[in-house]
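Enquirer: Whatever this is, show me its structure:
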Amino acid sequence: MKAYIYDIEYFVPVNKFSNEDLLKINPDWDIDRIYEKTGISNRYIASEDQTATDLAVEAGKILLDKHPKLKNEIDYVILCTQSSDYYLPSSACLVQERLGLRQAIGAIDVNQGCSGFVYSLGLAKGLVETNQAKSILILTADTYSKYINDKDKSVKTLFGDAAACTLVARKENCEEELISVPVYGTNGKGAHNLMVPDGGARNPISDNSYTEEKDQSNNIRSRTNLFMNGKEIFTFTLATIPSVFNKVLSKENITLEDIDIVIFHQANKFMLDSLQKKLKIPEKKMHRSYEKYGNTVSSTIPIGLRIEMTKKNTNNNSNVALILGFGVGLSWAGTVVKY
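Expert: Below you'll find the predicted structure:
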């Protein structure tokens with residue numbers, strides 16, 4: 001008995017936010033330069049009254065409408081988000097009710113970002129292969145746009161909102177690993193390089209929380225807005241992720257030649273170009289979907305997998321993907337999946 005990815009669907013809001021829209025808000029920004037560096041031309045942004053849970057429910061509906069007979073077989077929901085509706089209760093509990101799922105199921109939130117899909121996939125694999133669950137919905141959903149100041153070029157240009165729904169199920173009488181045990185990593189020492197400083201228990205909202213300040217790069221934000229030290233995140237990525245990539249390969253006793261597609265967290269073009277060059281990954285094996293969707297945090301990898309699934313050869317052979325997420329935490333996780 002092994003866990004495998006049965007299907008994936010995703011959902012983006014209707015509000016499309018292009019580079020031209022960026023220019024309308026900030027006419028002094030060099031849009032050509034932004035595109036050259038980020039590779040992002042469009043993002044989708046949640047409306048003011050639309051939450052990450054709303055996006056997750058829509059993604060879940062798309063998948064369940066495709067497989068209506070499976071709805072009553074779902075026995076666990078994992079919702080990976082850093083954009084919860086409330087401090088409590090768990091948003092996964094809200095999703096269970098809104099999707100009309102049975103009450104005799106488990107439902108948990110995973111507060112993880114860019115590496116969160118692989119973390120959630122590892123949890124789902126463990127639940128299935130220890131016979132705790134048979135069919136698991138992994139929902140990834142984030143609305144970082146709600147944390148971003150319009151005048152902060154360091155993040156406004158990058159992030160989009162989205163949700164994905166991945167159905168992980170058991171395959172009986174199967175000995176082959178279809179989802180490998182992930183390689184995980186954490187470095188909380190770098191947490192301050194990507195965070196929303198105020199609003200939680202450590203730094204509650206105060207009179208100064210909404211005061212906007214300008215940094216040395218002329219980015220404007222308050223302490224309730226998302227802050228990212230792009231230079232430090234890039235340094236962390238280039239110093240850490242190549243060795244993690246190679247560790248995933250060696251753990252499975254395979255090489256890059258055995259991989260059909262590499263799906264990194266879709267941070268931006270500059271980041272992925274640098275990883276590709278350092279790891280000598282052929283362009284044909286390098287997935288890229290950031291141009292259309294931007295950085296959708298926990299949903300970049302499942303969206304990438306869904307796109308690659310539509311390209312799959314019609315033969316009966318499995319395709320092999322190496323997926324690797326990295327970022328906020330700081331955290332990272334990578335594994336190999338067959339689809």
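Enquirer: Can you mark which positions in stretch 186-204 are buried?
Expert: Counting neighbours by 16 or more other C-beta atoms under 10 Å, one finds that the buried residues in stretch 186-204 are Gly190, Asn193, Leu194, Met195, Val196, Pro197, Asp198. No exception for glycine: its C-beta is placed from N, CA and C like everyone else's.
Enquirer: could you dump the residues you listed to a markdown table with secondary structure?
Expert: As requested, the buried residues of stretch 186-204 are exported to a markdown table (DSSP: H, G, I helix; E, B strand; the rest coil):
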| residue | secondary structure |
| --- | --- |
| Gly190 | helix |
| Asn193 | helix |
| Leu194 | strand |
| Met195 | strand |
| Val196 | coil |
| Pro197 | coil |
| Asp198 | coil |
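Enquirer: between those, which is nearest Asn19?
Expert: Leu194 (22.9 Å; C-beta to C-beta).
Enquirer: so what's the closest one up against?
Expert: Applying C-beta atoms under 8 Å, 6 or more residues apart in numbering to Leu194 gives the contacts Gly113, Leu226, Phe227, Met228, Asn229, Ile233, Gly327, Val328, Gly329, Leu330.
Enquirer: Please apply the same query to Met286.
Expert: Shown in contact with Met286 (C-beta under 8 Å, 6+ apart): Ile261, Val262, Leu272, Gln276.
Enquirer: before we move on, the earlier item: can you flag which of the contacts of Leu194 belong to helices?
Expert: Judged by DSSP state H, helices contain the following of those: Ile233.
Enquirer: In strands, which of the contacts of Leu194 appear?
Expert: With strands identified by DSSP state E, the entries of those that belong to them are Phe227, Met228, Gly327.
Enquirer: buried subset of the residues you listed?
Expert: Phe227, Met228, Gly327.
Enquirer: The first one touches Asp198, doesn't it?
Expert: No: applying C-beta atoms under 8 Å as the test, Phe227 and Asp198 come out as separate, 10.3 Å apart.
Enquirer: Would you mind putting the CA coordinates of the helix or strand harbouring Ala239 into CSV?
Expert: Assigned by DSSP states H and E, Ala239 belongs to helix 230-251. C-alpha atoms of helix 230-251 as CSV (Å, rounded to 0.1, in the frame of the first residue of the first chain):
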residue,chain,number,x,y,z
GLY,A,230,15.4,39.9,-1.0
LYS,A,231,19.2,39.8,-0.8
GLU,A,232,19.3,37.6,2.2
ILE,A,233,16.6,35.2,0.8
PHE,A,234,18.6,34.9,-2.4
THR,A,235,21.8,34.2,-0.5
PHE,A,236,20.0,31.6,1.6
THR,A,237,18.6,29.9,-1.4
LEU,A,238,21.8,29.7,-3.4
ALA,A,239,23.7,28.5,-0.4
THR,A,240,21.2,25.9,0.8
ILE,A,241,19.0,24.6,-2.0
PRO,A,242,21.6,23.0,-4.4
SER,A,243,22.8,20.7,-1.7
VAL,A,244,19.2,19.8,-0.8
PHE,A,245,18.5,19.1,-4.5
ASN,A,246,21.5,16.7,-4.6
LYS,A,247,20.5,15.1,-1.3
VAL,A,248,17.0,14.3,-2.7
LEU,A,249,18.6,12.6,-5.7
SER,A,250,21.2,10.6,-3.7
LYS,A,251,18.5,9.6,-1.2
